[in-house]
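**Q** Quick one, structure for this:
(one chain, ligands or ions: 1)
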Amino acid sequence: MTKLSVNINKIATIRNARGGDLPNVLKAAIDCERFGAEGITVHPRPDERHITYQDARDIKPAISVEFNIEGNPVKNFIDLVLEVKPHQVTLVPDAPDAITSNAGWDTIKNESFLKEVITEFKNNGIRTSIFIDANEKMIRNAVKTGADRIELYTESYAKDYPKNKEAAIKDFIIAANAANELGLGINAGHDLDLNNLKYFAQNIPGLLEVSIGHALISDALYLGLENTVQMYLRELKI
Ligand code: PXP
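**A** Below is the predicted model:
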């Protein structure tokens, strides 16, 4: 069964708009767990404009579900992850000023860099995942980095889903089959929502985890956080 990890960056974005502690990010993490989420994801960016490094430190001991920290492995990020020791780190090649992650790794060009960083995380008992496009060549090379998992970058799937869902998912199935064959675990995320999630989960073999933030937190404005988490969980029960 596919696990739901809730990305709570948007809660921090609202909090930071006023500089106080409302809404409380730690409470949101604890509540997501209470409402059934099987993981919590945070994506601290170098300027800490959403989740802060301190948020990541505070959340780890407050939850018992899987904690996933994602981000670009620059020095401060690596230090934070080694200090907090989440269950999983997801490496993302996002530029500091990117609004959101907008590309997967080129696992050929970055093979030796990724291998070095991944080795350090794995030596510290942290599972590693790398954000990657649904590109078979990049996935076949990902195995050389030593990553435990890949996270499929689903923006193109989400964008194309309303036009033609079979065409939208085609490359993701090929990518997942390659990953399964190579023994890489499969996560996925970006722009997944209540419309497109079920079809993705039903058609991607071996999908272990999805991390969802923007749509889920937006839905929670209308439906409430508890309801929303449960509605997403229901889409994953296949
Ligand atoms: N995975 C990665 C690597 C991300 O950067 C993000 C967005 O921060 C997500 C998943 C979740 O995407 P969304 O917020 O669109 O659900």
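
**Q** Contact partners for Arg45?
**A** Going by CB atoms under 8 Å, 6 or more residues apart in numbering, Arg45 touches Ile51, Gly71, Asp94, Pro96. Using the backbone N, CA and C atoms, a C-beta is placed for each residue, glycine as well.

**Q** The second one pairs with what?
**A** Going back to what we said before, that points to Gly71. Assessed by DSSP bridges, Gly71 has beta-bridge partners Leu91.

**Q** between the contacts of Arg45, which is closest to Gln88?
**A** Closest approach to Gln88 among the contacts of Arg45 (CB to CB): Gly71, at 12.2 Å.

**Q** Which pLDDT value does the model give that closest one?
**A** The score at Gly71 is 95. That number is its pLDDT.

**Q** Let me see the contact set for it.
**A** With contact taken as CB under 8 Å, 6+ apart, Gly71 is in contact with His43, Pro44, Arg45, Phe77, Thr90, Leu91, Val92, Asp94.

**Q** from those residues, which are also near the ligand?
**A** Subset of the contacts of Gly71 in contact with the ligand: His43, Thr90, Val92, counting by CB under 6 Å from any ligand atom.

**Q** Is there a neighbour count for Thr119? I'd like the number.
**A** Number of residues near Thr119 (other CB atoms under 10 Å) recorded here: 13.

**Q** same deal with Pro86?
**A** For Pro86, using other CB under 10 Å, the count is 23.

**Q** close enough to count as contact, it and Lys60?
**A** Yes. Pro86 is in contact with Lys60 according to CB atoms under 8 Å; the separation is 6.3 Å.

**Q** Quickly list what's touching both of those two.
**A** Common contact partners of Pro86 and Lys60 (CB under 8 Å, 6+ apart): Phe67.

**Q** Cheers, nothing more for now.
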